[in-house]
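**Q** Provided below are the primary sequence and the corresponding predicted coordinates.
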Amino acid sequence: QPTRPLEFLLVPQQLTSNVVSPPIAIGRPFPGQPGPEIDIDDRTSVVEGPYKFYNNTKLTSFNATWDVAGHRPSYSGGFERFTESGDRDTDIANVIPGWSNQQLVRIKGLQRTHELRVESTGTRFWNYMVGAYNSYGDASAGFEQPFPYFYPGPFSPPMQAILKGSTADGSFSESTAVFTDHRFAINEADQLQFGLRMQKSRSYSQQYSEIFGNKIQALPDDRARMEDTAWTGSASYRHNFNKNVMAYASVGTGYRPGGTTGFVTTPGLSADLINYRAEKSTSFE
């Protein structure tokens, strides 16, 4: 804080997590499976393969505020870089003893955000805020796991191939928005407030799966690229009958852009089951 009106906050963080967490099993997957039945109080695991997860995340955030001439300009930004991996046996109930359905997933990426806003300060009839926001992220991911295609008998290890998956180069997601908020102190008892936000989002998220030497594209190119634009807003009115009793009414709209599910480990799945649509909502209180 070089001067009273000017303040900076810089926070670097680093997380390293190395977790081994075998899942607890209860009962039997189905009647006839060999072995004793496990009770919930046994708190035991029967998974045979590894069940471990690794994460390394570095995050730096920076905030700056300045009180000047009845206003407060402020900036908030962050940069994150992460690496994750998971190595787990998906035959968590040990349905087939002596065989582990091992899935290995690796992900790495980055995320950066910027937000700039200016708001009025002090007590006045009209207080306001305007701002802009941008978020950009990209990541690459891959997985590898067995693909059983023939079971010779109950509880016997299957014949299998290796299923691989990967994301396309250049995969990304970006969101940009401009927004404003206004508050009017009509008198000592009444306040009117409304806000408006315009946001644009775009992304590219193509995935590939490879099995029996064939590389399969998960989505048509036009479904891998998505763009959305939306307007949302809110309005509220508040009345104070006295210092102990207040009534208000509010209405607001919300929007969440569509996207792509990843990873999909079923080759040839319909694009309608991989893409998900945008969500819109209206709330009253």
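**A** Alright, I've got the coordinates.
**Q** Specify the beta-bridge partners of the nearest residue to Ser173 once chain neighbours are set aside.
**A** Using C-beta to C-beta, 6 or more residues apart in numbering and skipping the chain neighbours, the partner closest in space to Ser173 is Ser203 (4.0 Å). (Glycine included, C-beta is placed from N, CA and C.) On the basis of DSSP bridges, Ser203 takes part in beta bridges with Ser173, Met226.
**Q** pretty sure Ser203 is touching Leu219, no?
**A** No: if you go by C-beta atoms under 8 Å, Ser203 and Leu219 don't touch, sitting 11.7 Å apart.
**Q** can you list residues touching both of the two?
**A** Thr260 (C-beta atoms under 8 Å, 6 or more residues apart in numbering).
**Q** what about the helices in this structure?
**A** 221-224 (DSSP state H).
**Q** so where's it uncertain?
**A** By pLDDT under 70, the chain has no low-scoring segment.
**Q** for it, longest strand please?
**A** As assigned by DSSP state E, the longest strand anywhere in the chain is strand 126-150.
**Q** Going by neighbour count, list what's buried in that strand.
**A** Residues 127, 129, 131, 133, 135, 137-139, 141, 143, 145-147 are the ones in strand 126-150 that count as buried (16 or more other C-beta atoms under 10 Å).
**Q** between the residues you listed, which is nearest Glu279?
**A** Ser135 (17.8 Å; C-beta to C-beta).
**Q** which residues does the closest one contact?
**A** By C-beta under 8 Å, 6+ apart, the neighbours of Ser135 are Gln111, Arg112, Thr113, His114, Glu174, Ser175, Thr176.
**Q** Tell me how many other residues crowd the first one.
**A** The reference is to Gln111. Neighbourhood size, Gln111 [other C-beta atoms under 10 Å]: 16.
**Q** residue contacts, the residue nearest to it when sequence neighbours are not counted?
**A** Spatial nearest neighbour of Gln111, excluding adjacent residues (C-beta to C-beta, 6+ apart): Gly137 at 4.0 Å. Applying C-beta under 8 Å, 6+ apart to Gly137 gives the contacts Gly109, Leu110, Gln111, Arg112, Phe172, Ser173, Glu174.
**Q** are any of those residues buried, and which?
**A** Using 16+ other C-beta under 10 Å as the burial test, the contacts of Gly137 include Gly109, Gln111, Ser173 as buried.
**Q** now those residues in a markdown table, with distance to Val47?
**A** Shown next, in a markdown table, are the buried ones among the contacts of Gly137 (distance: C-beta to C-beta, whole Å):
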| residue | distance to Val47 |
| --- | --- |
| Gly109 | 28 |
| Gln111 | 32 |
| Ser173 | 34 |
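**Q** Many thanks, have a good one.
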